[in-house]
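> The following comprises the amino acid sequence and a computationally predicted model.
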Amino acid sequence: MNWQTLGIFGIVVILFLTVAMPLLGIWDFRRFLRHLAEGRADARTSAYRWVLFMEWTLTLVIAGWWLADGRGLSDLGLVPAVDGWQWLAVGLGLAATVFMIGQMVVVLRKPSELERLREQVGEVAALGPHTEAEGRLFTLVCVTAGVCEEIIYRGVLLAVLAQAFGIWTAMVVSSVIFGLGHAYQGPAGIAKTSLIGLVMALLAVFSGSLFVPMVLHAVVDLTSGRLMAAANSQEAAPTGAVESTC
């Protein structure tokens with residue numbers, strides 16, 4: 001281990017993502033629930049726009065500081081150079097993407113599964129879009145999360161931690177920090193997103209690129225959002241057909 005290699009940049013990034021981001025996420029989610037309880041029609045669209053602003057701003061600031069320190073885009077995995085066994089990781093990522101889409105299709109056809117999903121995610125289900133307009137904006141949020149969060153967690157954070165602790169420890173620690181960023185989802189949500197983060201880290205490292213985890217991340221969020229939208233629609237009209245707006 002070499003803590004000195006972290007530097008000011010690394011320390012600031014780690015502290016921000018470990019402490020500030022979880023607290024900000026909890027505060028933002030509680031504010032969203034409060035707006036829903038107040039009957040605000042724009043509760044979801046406001047929350048979605050805030051996420052878009054926050055994630056792109058944070059990504060530009062962190063990536064800008066990264067580049068200003070003399071590091072390159074290739075160090076973030078943004079210059080693809082896939083070769084040899086790396087194609088296996090690409091294939092696994094694509095297979096996981098197809099699996100997620102297939103799983104979504106299966107669950108959408110089973111009202112009982114949608115009911116169980118709604119019970120499992122609890123209040124988080126409220127984040128799912130309810131209208132076509134919300135669905136379009138939510139799609140932008142999912143794509144943004146796929147791009148921005150991969151740059152931040154599997155790009156910058158993973159690289160910073162790897163310099164100090166080695167790649168294997170870095171993958172585990174960065175995944176836990178990623179899970180903490182979803183603390184608003186509760187302990188189960190932290191555990192689940194930490195595991196997803198570890199899968200993304202493995203794909204990033206073994207494919208040599210962020211593009212594979214970016215695509216998979218966006219698909220995970222898109223399919224989850226569509227399932228939540230369908231579950232919410234079923235709850236609102238249990239005797240009718242389930243429609244998804246995401």
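Arrived safely, thanks for sending. Residues are numbered from 1 along each chain as shown.

> where does this structure have low pLDDT?
1-4, 82, 234-246 (pLDDT under 70).

> okay, which residue is most central for it?
Ala145 (5.0 Å; CA atoms, centre = their mean).

> Just list the residues touching it, thanks.
51, 55, 217-218, 221 (CB atoms under 8 Å, 6 or more residues apart in numbering). All C-beta spots, glycine's among them, are computed from the backbone N, C-alpha and C.

> which of those residues tops the neighbour count?
With neighbours taken as other CB atoms under 10 Å, the top of these is His217, carrying 27 neighbours.

> how far away is that residue from Val19?
23 Å (CB to CB, to the nearest Å).

> What are the boundaries of the helices in the chain?
Assigned by DSSP state H, the helices in the chain fall at 7-15, 21-37, 43-68, 86-108, 111-121, 132-144, 158-165, 167-180, 186-207, 211-236.

> Return the member of the contacts of Ala145 nearest to Gly10.
Gly10 has its nearest neighbour among these in Glu55, at 20.5 Å by CB to CB.

> Please name the residues that touch Trp85.
Phe206.

> Next one: it from Leu94, what distance?
For Trp85 relative to Leu94 (CB to CB), the value is 15 Å.

> now swap in Pro22 and tell me
Relative to Leu94, and taking CB to CB, Pro22 is found at 31 Å.

> Counting neighbours, go ahead and name the busier of these two.
Legend: neighbour count by other CB under 10 Å for Pro22 and Leu94, higher for Pro22 (18 against 13).
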